[in-house]
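>>> just need the structure, nothing else, for what follows:
(one chain, ligands or ions: 2)
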Amino acid sequence: MSQPDHFSLHFAAPLLALTLLLTLPLAWLLLMPAYARAARRGGKGFGHAGDATIRTDAAQTILEANPAAAAMFGTSVAAMRGAALDKFIPRDLRTLGQQQTVGHFGDTGVNLRMMGRRAVDHAVSGLKANGARFPLEGTIASVDEDGQTVYTIVLRDITARKQVHEQLERSFSQLRQLSATLQSIREEERKHIARELHDDLGQLLATLRLDLTLLGKLAGAAPANARILDNMDGLIVTAITSLRRIASNLRPRALDEGGLYFALQSLRQDFIQRHPVNVELLADETELTLDDAYSTVIYRIVQESLTNIARHAEARNVTVALHRVDSELAIEIQDDGRGIEDSDMDKATSFGLLGMRERVWGLHGTISIGANEGGAGGTRIDIALPLPAERT
Ligand SMILES: Nc1ncnc2c1ncn2[C@@H]1O[C@H](COP(=O)(O)OP(=O)(O)O)[C@@H](O)[C@H]1O
Ligand SMILES: [Mg+2]
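Ligands and ions are numbered 1, 2, ... in the order given. Below you'll find the predicted structure:
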């Protein structure tokens, strides 16, 4: 059984070296920006360059185009030579987004980048011979040749990149929807189990306890019996208490019985009993009559924030403020603890803050998590949740 291990150990290193040797030139080709390669090549071998390259004069008449450029525009080198650049990169398509585009490159000198900040907001579109438009990215360099300014334009078709980008965006938004759906299914299930526990099992235990009391009266009680009955009663009380605790961990009853404001009050009460931290809750009950989806999200956010403060912050004072501003609910949770680092928010195994963000985004809100202003230390979470118009 040891032979394959031995084999792999022996051959892995040289194999790796060989692979690296073979892939390095490819990586260089992929990673090195086109214009840098064009610059290295200088004027030599223009017609055979791998990148689509066009040379124009100052009037933007094409002097030369290489086969790659002809292939990109779906035409031939001969058809491009002598044509106006406008035919392939139409002027009206060049001025989207940026003022300084090809039309003005004569004024701006060397290495004007035609593209926008990112590939997605490319400023230039190409026009193929068959009329199809496609996104382009490229660079321009100007050279003086015999007193004439000649422009070398290196182009890259970014259709594929754009498609990948769009696919990524699509799957990103699907994931977000999935996450929102899972969250609400989870809440529904918790609510359901909590209700079953309370109504079903809770009622059974209560009845059992009553029966036990009756039995105690009927038994005419020898002291030994009375002790057993007492013991049983104690056990039933413990069971009822744990059941209530488990059910309210699953779903706070206050949320269903008294609404969000009341639920937050009891969350606060519970928290300050268990932790040496002051918690101030600034909210107006009338502003917090929201439907179940909103109440649950807000409750879970405040709950997670308080749990984090207890676990990580070493804070003494916490403020939780909820206020309506126009049709939005502004939620601020501040503590004066040790503060949060940017890297804390990307911990691979931490899902509390991530879940918080997902919940907010699921309701089309915005959230920012960071340090308190003015270098005072501590953490601050700011959330703005747009509320539907018909809510009162
Ligand atoms: N109020 C806070 N003060 C200081 N650090 C915090 C606070 N809240 C969160 N953090 C940091 O952010 C990290 C990520 O939090 P979270 O996503 O809730 O995961 P978890 O609580 O499971 O660690 C925590 O591990 C902690 O280091
Ligand atoms: Mg947490």
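
>>> and Arg81, how far is that from ligand 2?
Spatial separation of Arg81 from ligand 2 under the definition Cβ to the ion, to the nearest Å is 65 Å. Just so you know, the C-beta spots here come from the backbone N, C-alpha and C atoms, and that holds for glycine as well.

>>> same check, this time on Thr286
Between Thr286 and ligand 2 the computed distance is 31 Å (Cβ to the ion).

>>> likewise for Ile236?
Using Cβ to the ion, Ile236 is found at 35 Å from ligand 2.

>>> swap in Pro223?
With distances taken as Cβ to the ion, Pro223 is found 52 Å from ligand 2.

>>> give me the neighbour count for that residue.
6 (other Cβ atoms under 10 Å).

>>> again, but for Gly370
Residue crowding around Gly370 was assessed by other Cβ under 10 Å; the count is 14.

>>> which element is it on?
strand 366-371 (DSSP states H and E).

>>> do the same with Glu64
In the assignment (DSSP H and E), Glu64 maps to strand 62-65.

>>> what's the average pLDDT for that strand?
For strand 62-65, mean pLDDT is 94.

>>> ditto for stretch 125-137
Confidence over stretch 125-137, taken as the mean pLDDT, stands at 90.

>>> do stretch 348-363 as well
Averaging pLDDT along stretch 348-363 gives 91.

>>> pull the residues that contact it.
Residues from elsewhere that reach stretch 348-363, judged by Cβ atoms under 8 Å, 6 or more residues apart in numbering: 176, 179-180, 183, 293-294, 297, 300-301, 304-305, 307-308, 344-345, 366-367, 369, 381, 383, 385-386.

>>> could I get that stretch in PDB with only the CA atoms?
Presented in PDB, the C-alpha positions along stretch 348-363 are these (Å, rounded to 0.1, in the frame of the first residue of the first chain):
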ATOM      1  CA  ALA A 348     -14.600  32.100   7.600                       C
ATOM      2  CA  THR A 349     -16.600  30.500  10.400                       C
ATOM      3  CA  SER A 350     -18.600  33.600  11.500                       C
ATOM      4  CA  PHE A 351     -22.000  33.800  10.100                       C
ATOM      5  CA  GLY A 352     -23.700  36.200  12.600                       C
ATOM      6  CA  LEU A 353     -22.900  39.500  10.800                       C
ATOM      7  CA  LEU A 354     -23.300  37.800   7.500                       C
ATOM      8  CA  GLY A 355     -26.800  36.700   8.400                       C
ATOM      9  CA  MET A 356     -27.600  40.100   9.700                       C
ATOM     10  CA  ARG A 357     -26.600  41.700   6.400                       C
ATOM     11  CA  GLU A 358     -28.500  39.100   4.400                       C
ATOM     12  CA  ARG A 359     -31.600  39.800   6.400                       C
ATOM     13  CA  VAL A 360     -31.300  43.500   5.800                       C
ATOM     14  CA  TRP A 361     -30.600  43.100   2.100                       C
ATOM     15  CA  GLY A 362     -33.600  40.700   1.900                       C
ATOM     16  CA  LEU A 363     -35.800  43.600   2.800                       C
END
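
>>> of all the residues in that stretch, which ones are buried?
The neighbour-count criterion (16 or more other Cβ atoms under 10 Å) identifies Leu353, Met356, Arg357, Glu358, Arg359, Val360, Gly362, Leu363 as the buried residues of stretch 348-363.

>>> close to ligand 2, is that stretch?
Yes. Stretch 348-363 comes into contact with ligand 2 (Cβ under 5 Å from the ion), by way of Gly352.

>>> distance from the chain centre to the strand holding Glu64, please.
Using Cα atoms, centre = their mean, to the nearest Å, the distance from the centre of strand 62-65 to the centre of the chain it belongs to is 45 Å.
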